[in-house]
Each structure stands twice: as structure tokens, then as C-alpha cells.
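Colleague: just coords:
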């Protein structure tokens, strides 16, 4: 089963994402912020990272940069969830090494569509 | 924004989002609480970056959830708040008190909106005005700050400025749409839709797009027709539920912005939508060839649904916990009964049984403690509501007051937390209104302009001590004595300080010189004391004139269990709340004097005290033997003492309180019942009732 690391400081978003992804047959590792995600990324085998941007301790961009420095995550797709207006954030996302971005709010179907495009 | 959301709702109809509503509401509530606290703590003059970031995150988090779960009004207001906070945290704007005010108002409004969505309590508040006001604050100074913004954004240096979206504006009427059809058993059925574009002149153009799902068809269309017109046309061929129209006009602009700066050219219409995108050449970017189909339904592992869920807390209904506590109470009683019976057994021959009973005793106690702790919640739940209240109050009174809280993590039974909030609110109001002086008055006295009110909670043995301290003017002995005499209360100068302070608990007593808008009318300190006494608690006051005042409230940790003293009257056993028992002593029958109307008094150290004969109150048949000398137990309640006449003191014990009213009916002079170790029911005496009785 493919594993997705879902990072969001909002419990309701996390639950929705997890519910959606597990329902589609993925294994989900949840993390409450970038720091937590970084620690969990060491311990689990991860095929894709789906991270919120605004989080305490370590944000999505910081997490992305950190993961890209790690050999294990050189090629793992990383999607950053962002707000619709932040084009600047998208540029930063690209610079940090993110694979792509997805606008919040999204609906579960759309989330699966996007994920299926990057999962190999 | 709104458009995206409506679409989102339509799309998500295979997953029921309402299952996440409750968790969203709880989370939003927590975020609101946190945001409010941080806003109150925010020092406008030197706002900390991390604080601003944290406040921003709260608004951001609520917005994200609200938009996803379809609460448009909440999303709209939080969106505005977020915009303002974003500018603050990026130093594009400087925080002002007006901003904090409007953000606090907004958090109140959000509470109302969330409440309305949850279907409790009234109509949703109107937020248009707030939205407009925040918007003015957020954008009002844009013009003058415009240059700074550009400089403050370092990315602009790396990447050329994004071109303005212009495509949509250029062709106002023609839209760039993605039309998704499916799922269909026979996708060819949808091909009729493409033919519509060929057959109807002026409708527009259509071209097929790659689609990962074999049950779906996707077209890109350029048309000036409205969504509803298109829907009407398409429903000739397929069901309404199977049609999804995505307006790409905005997205087209968005991903040109994405692609053009790096000059890689070819946008990938097949891999980008309006609401997501991939970076060319980034690790993990899909190529059409490797893009995989959805995991098939067979791949679903039902057991996996909960696999990733990790939670350190559990929300359970209060009724379940109450039931658990009740059952443990029963178990404690059964255990006590067994323990009592076992004392009659022969130690040697029943060794294994007695050892087992000893284990049962220990485990029962541990279990009881563990179960009681489930109901325990930190005092911060109560404390957190005061900063806001005090802020409003102080600004209304023109005072400068700082609230310091200590021991927020001290835990207290949930039932008590709910009941202690009102008395504490009153005490804090009093401190602010009557205690803390006006800034100029404080300056004149050589004090800091800012008054400080300290709210603290600590555990002390089996009880909790909550203190409200202020560094205001304190109580004035002379003033209190004068007031008391005006009210006809006997108040000689010989009263000790603490006795004088206790005068403010007399009904109708107010220390305020003038009745203000805030306090001095309605609830007085007498009600506070009564409410705390009803919780088996006590209140004490300490004060020094000019320095401040301290009110100490002592409460039992829980309402379900009580330390009691059991006393025997004839064959009956009664329980007295230990917190009300002052002392006990043996007397000779001649120490009791009978006064007019059969009222009896006993002389205790030169003081006469009313005697309550429990045998009379409860009409217990009693054989008086001349040689037995009665025992007096002095109990204190509502500031008065009475001596209860009993036959024997049996000892102290913890009792599990059973409500008599809900199980039987209200009985005068009795506050509840408990079950003793031998299985007998004993009444718990209502000391306040007995004291009141003796006054008549």
C-alpha cells in the first residue's frame, strides 16, 4: 500500500484528508506540523507528502526544504496546500523544491485526482 | 472564493463532509479561544512576530476548514481577518488598538456564526459591517505602503513580477471551461455533448482532454454560454449529477503566471487545473505516461481507514462519565460493605479471602481516583474568559488593569468549574470596580498606573484554593463599620479585622460609594458566599487599606464525594460535611438553658450558641438514659454557628453523595444521602438549613 504523509495543524482538515485517502486505498501517516512531519518522515516509508503551508514550529516550505535535503526524499512528490491568492507562495514553493501546489479549499474528489496524477 | 466553494460542495457528493462538521466546530472554537487570548495579550506597541504569526494561523485555520466544509459566511469573515493579519505579520501594517478591537469583535461574531451553523442559539449575526471595517483597515493604507510591499517581498527579485491576469478580462464573455462527464457505464454516451458544439452555431468550440478515468470524459470548451444554459443542453445526453463544469478562465491566467517566469513554455493542460498545479522539472512531477489510474475499488482496505488516525484525546459525553462515576460509587459502597463484614471473620482461616478483599480495597480506591480524574478539567477553562471581560470592563471604567493568572493547569471537577465561574466573575468585577483606583489616583499614591488583579488556583490537600488578589485600595475598616451601623447591624469597634471584612457578606452590603453601571446592584457578596457555600466551599477575605485585598475561595475537588463526619442519634446515623464542622465537646445536661419558646442555648466559653436537637428535627425516638451526657458538634454555615446535639461521634469518612431530590423528594434540613458500609442509608445534613432554622 502506498503511504502518504498528510501534514496539517487543523484536526478537521487532517481527518478529512485521511478519511479521503484511506478510503481510496492509501496508507496515511498524519502529522500536526512540519516538525512532527519531519520526525515521522524518518520513521515511515513515504510515497507522497501532502502539506499545509501555515503551521506552527515548521511550516510547509520549511518542511519541503528539509525533506529535499534528505536523500530519501530527493524524488518523493511533495504537494503544498496553499491559499488561492498567494502566487508569491507558489514561487517560494517551487524554490523550496515542491512538486506542486493545491489550492485550499479543495474537495475530496479533487484531492484524489491530483494525488493520482503524482503517485507512481 | 465563493464560487470555488459551491463547486467544492457539488464535487464532494461521494464523500459526506458533514461527518467532519463536529470536529471542525470544536476546532474552530478552540482556535477562536486561542486567538482571543493572544489578541488580548498582544502588546500593540511592540507586537512580537511569533504572536502575530500565531494569531494569523488561527484565522487561517478556521478559514480553511470553513471554506472546505461549506460555511461561506465564516470563511468570508475569516478571510478578511486573515488578510489584515497577514499584512501585520509581514510588517506591511503596524498594529493599532482599533485593529485589535475589530478582530475581537469579529471573533465574537464568528462564535455567533458557528453557533448558528450548529443549530444552537439564535440567528447568525450580520457580518457585512465587520467585513467592510476590516477591509478598510487592511487596505486603507495600501497606497502609501505600496512601495514598501514590493521591497519587502524578496521573491520578486528572483522571479520577474507575475504578469497581470488579462486573459479573462480581454474576453469578457467567452470563458475557458473544463467539462467533466462521468462516471458513466458507457462513456461514449457523453460524446453527444461534443456534437452539440458542432451542431449549435455560436455555442463555441470543444476539444477532448486526456482523462485518467475510463468511466469519465473531459473536454475543454470555449463558450460564451452560461453554466445553466450548458447544463440544460447537456442533460439531453447525460444526467445532471454526472456533469461538472470548471471555469478555467481564472486558472488560465494563474498558470501562465506560473509558467512564464521560467520560460519553459508549454503549459500542460492535462496536468493542471485551476485549483492546483505542478512545477516544471520539480521532483515527482508527473508525466502523462506515468500518471496512474485511480487505485481500483478492490484495493480498498477497510481496516486501513483508522490506521493513520492518531489522537491523544477522546471526546465522550458527560452522561457516560457520570454513569461511570455512579457505578464506581456503587462499587465503593459494596467494597466498604464487604470490608465491614470481613472484620467479623477469623483472620487465620480466611487468609486468602481477606487478602483478596485488601486488594479489592486498593483497586477500588485507585479506580475511583482514576474515574474522578476523567471529569477533571483545568482551571484555564474558567480563567480564559476573564482577560476579555476585564479588558472591556476596565475600558468602560477608564481604568488600567492587568490580569495575571497563575495555576491555570490546576484541575477541578467539571461540575464545579461550571458553578464557580459566576462567583469568580463577580469577585473580579468587584476588584476592578471597587478595588483598583483610577490611574491618576494610583499615580498620586505612588503606585503604578496599571492595577494588577491576580487570579490563582492551587491544590491544597483534598481541596482547591482559588484566590482573587488586587493591588487596589483595599477595604476600609471605618467605612465598613459605619455602613454596617447604618444598616442596623451590630458592629462594635472591638470586632477583629477579619470580622469586619466578613461584614461585606451581609445581604445588601456594598462597598462601593456609588452604584456604578458595573456592580453595586443586583448580585452582592452575600450571593457569592451563598453560591460557594452551596458547593461546600468557604470564602475568606484579607485586606490592607491602600495596599489591596485578597479573597480566598476554598472548594472541594469534586461534588460527588465528600469528607463527612458520621454522628449517631439514637439508632440513626447522620453525616455532617466535615468542612462545616468547627469543634465538638461533651457537656453536662445543666449547661443547656431553655429560653422562651422552647429555644435552647448552650454556653461555650462565655458565649451562648443555639442548640439544635437532631432527635427533634428528625423525630427520632430516643430513650434518654440519665447518665449519658450529650455531645455537641458545632457547625458553621452562612457565617453563623449552631451546636447540634448528638449521642456519639462515629468518625470521619469519605462518602459518595447521592442526590435525594432526584431519587426521592426534597427533604428539609437534608442535602443528600449516602450508603454506608453496612448497606444502610444515612442522610447528609444540610448545615445551612439547620443554621437558618435556628435563627427563627
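Modeller: Okay, I see it. In this text the structure is predicted, and so the values were computed from the model without any measurement.

Colleague: CA atoms for contacts and neighbours, from now on please.
Modeller: Noted.

Colleague: beta partners of the closest residue in space to residue B:577 that isn't next to it in sequence?
Modeller: Among residues not flanking residue B:577 along the chain, residue B:564 sits closest, at 4.6 Å (Cα to Cα, 6 or more residues apart in numbering or on different chains). With DSSP bridges as the criterion, residue B:564 is bridged to residue B:577, residue B:653.

Colleague: any idea how far chain A is from residue B:564?
Modeller: Residue B:564 sits 45 Å away from chain A, going by Cα to the nearest Cα, to the nearest Å.

Colleague: can you tell me which residues contact that residue?
Modeller: B:575, B:576, B:577, B:578, B:652, B:653, B:654, B:655 (Cα atoms under 8 Å, 6 or more residues apart in numbering or on different chains).

Colleague: run the last query once more with 10 Å
Modeller: When contacts are counted by Cα atoms under 10 Å, 6 or more residues apart in numbering or on different chains, residue B:564 touches B:574-581, B:651-656, B:684-685.

Colleague: Next one: it, what pLDDT does it get?
Modeller: Per-residue pLDDT puts residue B:564 at 86.

Colleague: What of residue B:470?
Modeller: Residue B:470 is assigned 92 on the pLDDT scale.

Colleague: so which strand or helix has residue A:12?
Modeller: helix A:11-23 (DSSP states H and E).

Colleague: pLDDT-wise, which helix or strand of chain A ranks last?
Modeller: Taking mean pLDDT, DSSP states H and E as the measure, helix A:87-96 is the helix or strand of chain A with the lowest mean score, a mean of 78.

Colleague: packing partners for that one?
Modeller: The contact analysis (3 or more Cα pairs under 10 Å, 6 or more residues apart in numbering or on different chains; DSSP states H and E) places helix A:87-96 against helix A:60-69, strand A:78-83, strand A:100-104, helix B:155-158, helix B:249-259, strand B:276-278.

Colleague: and the helix or strand immediately after the shortest one in the chain, which residues are buried?
Modeller: Along the chain past strand B:276-278, the next helix or strand (assigned with DSSP H and E) turns out to be helix B:318-342. Buried residues in helix B:318-342, counting neighbours by 16 or more other Cα atoms under 10 Å in any protein chain shown, are found at B:322, B:324-326, B:328-329, B:331-339.

Colleague: what does the helix or strand following helix B:318-342 contact?
Modeller: Per DSSP H and E, the first helix or strand lying C-terminal to helix B:318-342 is helix B:351-374. Here helix B:351-374 makes contact (Cα under 10 Å, 6+ apart) with B:318, B:321-322, B:324-329, B:331-336, B:338-339, B:342-343, B:345-348, B:411-414, B:557-558, B:560-561.

Colleague: I'd like the average pLDDT over helix B:351-374.
Modeller: For helix B:351-374, mean pLDDT rounds to 87.

Colleague: Could you tell me how far that helix lies from the centre of the chain?
Modeller: Centroid separation for helix B:351-374 versus its chain: 33 Å, with Cα atoms, centre = their mean, to the nearest Å.

Colleague: Strand A:78-83 and the least confident helix or strand of chain A, what's the angle between them?
Modeller: Interaxial angle, helix A:87-96 versus strand A:78-83 (axes from the mean of the first three to the mean of the last three Cα atoms, to 10 degrees): 170 degrees.

Colleague: Next, the angle from helix A:87-96 to strand A:100-104.
Modeller: Orientation check (the same axes, to 10 degrees): helix A:87-96 against strand A:100-104 gives 150 degrees.

Colleague: so which of the contacts of residue B:564 comes closest to chain A?
Modeller: residue B:656 (38.3 Å; Cα to the nearest Cα).

Colleague: who touches that closest one in this structure?
Modeller: B:325-326, B:328-330, B:332-333, B:559-564, B:672-676.
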